[in-house]
Every structure is written in C-alpha cells, then in structure tokens.
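# starting from these lines, generate the structure:
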Amino acid sequence: MTQSDVTLDLELLTAIEQLCREAGQAILAVARGGELGTRAKADDSPVTAADMAAHHVLVEGLARLTPQIPVLSEESDKADIAARRDWQTFWLVDPLDGTREFVTGSGEYTVNVALIQGSRSVLGVVDAPVLETTWSGLAGVGAFREDATGRVAITVSPEPEVLRVVASKSHLDARTAALIERLTPVENVSCGSSLKFCRIAEGNADLYPRYAPTSEWDTAAAQAVLEAAGGQVFDAESLPAQPRRLDYNARDTLVNPFFIACGQADGRWRQALDV
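Presented below is the predicted three-dimensional model:
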C-alpha cells in the first residue's frame, strides 16, 4: 500500500478525532499528577511530560491507523524533520499546542493533527481537552465541532459591520496592532493556540492576522478546519495583490511566513493592509 492509497472520508476523520481526544486525556493525566517535567528545548521553548505523553499516543496511534503514512511531530527527532522534504503525504502533529498556556494553568491549549498532501493541509483535527471540544475539517466535505451538546457542522460567518479580530495573547506585535487600529471599529476576541482559527471557522470571529513566527505544526490542522468551513489562510506577503494560500512542506524551513486567516477573503480588511 502506498501513501496515496489513504481514503479521505468521515471514517478516517472520526478515527483521528478519537485519537486526539486520547492524547488530550494523556495531557490531563500529567496535569492531575502535578509533575509537569518542564524543560527548555534548544530554541528555549518549553516542553513538558504532557507534550511527550501526547506525542507517543499520536505517533503510535497514527502508525496503527495508517502505517503507510509517515508522521512528523513537533517532538520528532532531527532525522524525521530532514526526511519530510521527500514526503508527498504525511501526518503533521503538534501534540500540545500552547505549552506555555498549559504550564500556567490556562485551558486554552490544543492537540493538533493534520494530513498534508502535496503542499496542502487536507484534513485537520483540533482538540481542546479542558474545553472538552473538538473541531475538525476535511477538504471537500466540511467542518465540524463536537462538545458535550453534540456534533454540528460549522461554517464561517458573513463579514459584520464591526470586524471581530482575534489576536494572540502572547504575541501582539506592532504590525498587528497597527492593522487593528486601521480597521477600527473592531471587536477584539482573545484566545490562545490554534483556537483562533477555530473561532473563525465556527463563525465567532472574522480575522486573525499573524505577523509573528509560527511553525507549520502550529497551523496545519486548524487551517484545514477553517478552509473546510469556508474560510481561507493567506501568506501575508502575497496580499493584497496576488493572494496565495499558506502552504506546507514547500520551504527548507518549518517556520511559516506571516499569514492572515479570515472568514471572508474579500472583506474590507484587505483594503487596510500595510504591504
């Protein structure tokens, strides 16, 4: 069986949703135990025992579900990171997106799993263990949110008169602040990790400008959710003249270019861009 033989359907999406919830439970188990085992990685970002517990659940689970498809996790070794440039199809995983939020006791962290085909994220699942909510999306099928009240299809909202702009709590840079100022009046929607994309996907926000560093595993799953819900994510430097989708596995680095995620691609925010 080759990588291209994987069937992209709701059965696979449901299986990945369940796997992400299992990883979320592994994170919560570490949190309840109180021994986070926090240490700094080479780039000074934090990693905890919870990151590693979720990593092992996801990598092992994906190997069982789709043994023909390689997995690249944020916690993978350097050999996998180097090899991924030769992969046409692979799973891209962030076992715990928002480690800083986890360490500080915030519930705004997520488990992220995306399937990359070519340069596009075509399937994505974002699970928020503390919120007991899962968002998922599959290209050509749609996007969904599941919580204690049940499972519903989600779509982006028409652009309102007052834009709801979601920005990072930890990384509000000068360029983002200036764009928000030009868009006034706006309503600021604050949330952490990949939840920002999900708020747009479910119609509770409209715009997420990001002029600060992120990595591909930070965005891939949530981008798949947002695009399946009718939104888009653009490479910020391609705007406004020649909009180009934020893509994956197309550069030597795993660091993303700056981007703008939106519900409506032709909204008035395009006229306010500083390019």
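# buried residues, the strand or helix carrying residue 112. List them.
Assigned by DSSP states H and E, residue 112 falls within strand 110-117. Neighbour-count burial for strand 110-117 flags 110, 111, 112, 113, 114, 115, 116, 117 (criterion: 16 or more other CB atoms under 10 Å). Bear in mind the C-beta positions are built from the backbone N, C-alpha and C, glycine included.
# same check, this time on stretch 214-228
In stretch 214-228, counting by 16+ other CB under 10 Å, buried: 214-228.
# pull the most distant pair out of these.
Greatest spatial distance among the buried residues of stretch 214-228 (CB to CB): 215 and 228, at 21.5 Å.
# let me have the buried residues of strand 110-117 in TSV, extended by pLDDT.
Listed next are these as TSV, based on pLDDT from 0 to 100:
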residue	pLDDT
110	95
111	97
112	98
113	98
114	98
115	98
116	98
117	97
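# let me have those residues in TSV, extended by distance to residue 19.
Converted to TSV, those look like this (distance: CB to CB, whole Å):
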residue	distance to residue 19
110	14
111	9
112	12
113	7
114	13
115	12
116	17
117	19
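# let me know the closest of the residues you listed to residue 265.
Relative to residue 265, the closest of the buried residues of strand 110-117 is residue 114; by CB to CB it sits at 20.9 Å.
# please enumerate the helices of the stretch 51-200 of the chain.
78-83, 99-104, 174-183, 195-201 (DSSP state H, counting those that start in this stretch).
# could those helices go into CSV alongside distance to residue 91, mean pLDDT and mean neighbour count?
Formatted as CSV, these follow (distance: least, CB to CB, whole Å; pLDDT from 0 to 100; neighbours: other CB atoms under 10 Å):
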stretch, distance to residue 91, mean pLDDT, mean neighbour count
helix 78-83, 11, 80, 11
helix 99-104, 20, 77, 18
helix 174-183, 30, 87, 15
helix 195-201, 18, 97, 28
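# in CSV: the ones you listed, plus distance to residue 266.
As requested, these are exported to CSV (distance: least, CB to CB, whole Å):
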stretch, distance to residue 266
helix 78-83, 37
helix 99-104, 33
helix 174-183, 15
helix 195-201, 15
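# out of the ones you listed, nearest to residue 89?
For residue 89, the closest of those is helix 78-83, at 13.2 Å, according to CB to CB.
# below-threshold pLDDT in this protein: ranges please.
Scanning the chain for pLDDT under 70 picks out 1-5, 34-47, 168-171, 274-275.
# now do the contacts for the closest residue in space to residue 80 that isn't next to it in sequence.
Spatial nearest neighbour of residue 80, excluding adjacent residues (CB to CB, 6 or more residues apart in numbering): residue 72 at 5.6 Å. Counting by CB atoms under 8 Å, 6 or more residues apart in numbering, residue 72 touches 80, 81, 84, 87, 90, 91, 92, 93, 217.
# and the gap between the fourth one and residue 98?
Taking CB to CB, to the nearest Å as the criterion, residue 87 is separated from residue 98 by 26 Å.
# neighbour count: these two, which is higher?
When residue 87 and residue 98 are compared for neighbours, residue 98 comes out ahead with 25 against 18, by other CB atoms under 10 Å.
# what about that one, distance to residue 80?
For residue 98 relative to residue 80 (CB to CB), the value is 22 Å.
# packing partners of the longest helix along the chain?
For the chain, the helix reaching the highest residue count under DSSP state H is reported as helix 10-33. The contact analysis (3 or more CB pairs under 8 Å, 6 or more residues apart in numbering; DSSP states H and E) places helix 10-33 against helix 49-65, strand 110-117, strand 120-128, strand 133-138.
# and the gap between the nearest residue to residue 63 once chain neighbours are set aside and residue 136?
Among residues not flanking residue 63 along the chain, residue 71 sits closest, at 7.0 Å (CB to CB, 6+ apart). Distance from residue 71 to residue 136, counting by CB to CB: 18 Å.
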